[in-house]
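In: okay, predicted coordinates and the sequence, questions at the end:
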Amino acid sequence: MYVPTKIFFTKGVGKHKEYLASFELALRNAGIEICNLVSVSSIFPVGAKVIPRSQGLKMLKPGQITHCVIARNSTNEPNRLIASSIGVAIPADKNMYGYLSEHHPYGETEKVAGDYAEDLAATMLATTLGIDFEADKAWNEREQVYKMSGKIVRTFNVTQSAQGDKNGLWTTVIAVGVLLP
């Protein structure tokens, strides 16, 4: 059984006349173009350690099958605002799993998209942990409830936004949580 013990986060943006090439350039910008990425769902593994991007990139080998949680968005519409965000919620209990969320909106700023993804991950974890909260409260109010419960130790997001190329080139943004052994 393979359970990742480390995770790092990265993001990137790429622009090209071809859709697939813009994705490749976003992967290059994120530093993970050498991997064969396998998209997985959004569980932060029990006991996994968040490591710096620079450390994680050094652990990758060309052609390696690499599990990741990836948010991806593209446009060829000039000036269209796009974003991709990964939200992270880590429980205080080291024997409990956390959550990662993916969000890939149009028309949202990096801050709005990041807050949404972070809120989504924290809400998924809060419901798993049985934390009582009011769903219609603003994220900053719920964030305080979550953290005061003592059951959620950390939340954050990794977000990449961009405006569609003014000349109509494909623009792709990615945010990625890379899981490592």
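Out: Yep, it's here.
In: return the distance of L179 relative to V38.
Out: Distance of L179 to V38, given as Cβ to Cβ, to the nearest Å: 9 Å. Backbone N, C-alpha and C define where each C-beta goes, glycine included.
In: list the residues that contact both of the two?
Out: Contact criterion Cβ atoms under 8 Å, 6 or more residues apart in numbering; residues shared by L179 and V38: 66-68.
In: mind checking which of those residues are in strands?
Out: Using DSSP state E, the members of the shared contacts of L179 and V38 that fall within strands are 66-68.
In: out of those residues, grab the one that's most surrounded.
Out: Of those, C68 is surrounded by the most neighbours, 23 neighbours in total, counting by other Cβ atoms under 10 Å.
In: pull the contacting residues for that residue.
Out: In this structure, C68 makes contact with 32, 37-40, 176-179, judged by Cβ under 8 Å, 6+ apart.
In: what's the answer for K15, then?
Out: 22, 25, 165, 169-172.
In: what's the helix or strand containing A26 in contact with?
Out: Assigned by DSSP states H and E, A26 falls within helix 19-30. Applying Cβ under 8 Å, 6+ apart, the contact partners of helix 19-30 are 10-16, 33, 37, 72, 74, 76, 169-174, 176.
In: got the buried residues for that helix?
Out: Judged by neighbour count using 16 or more other Cβ atoms under 10 Å, the buried positions of helix 19-30 are 22-23, 25-27, 29-30.
In: then stretch 124-136?
Out: For stretch 124-136, the neighbour count (16+ other Cβ under 10 Å) marks 124-126, 129, 131, 133 as buried.
In: again, but for stretch 146-164
Out: 146, 151-152, 155-162, 164.
In: part of a helix, is K111?
Out: Yes: counting by DSSP: H, G, I helix; E, B strand; the rest coil, K111 is located in a helix.
In: quick check: it vs F9, distance?
Out: Distance, K111 to F9, using Cβ to Cβ: 17 Å.
In: show me which of those two is the more surrounded one.
Out: Each of K111 and F9 has its neighbours counted (other Cβ under 10 Å); F9 has more, 22 against 12.
In: so R72 sits against S84, correct?
Out: Yes: applying Cβ atoms under 8 Å as the test, R72 and S84 come out as touching, 5.7 Å apart.
In: shared neighbours of those two, anything?
Out: Common neighbours of R72 and S84, counting by Cβ under 8 Å, 6+ apart, are 104, 173-174.
In: kindly indicate the member of those residues with the most neighbours.
Out: V173 (29 neighbours).
In: quick one: strands adjacent to the helix or strand encompassing G12?
Out: Per DSSP H and E, G12 falls inside strand 6-16. Counting by DSSP bridges, the strands paired with strand 6-16 are strand 49-50 (parallel), strand 170-180 (antiparallel).
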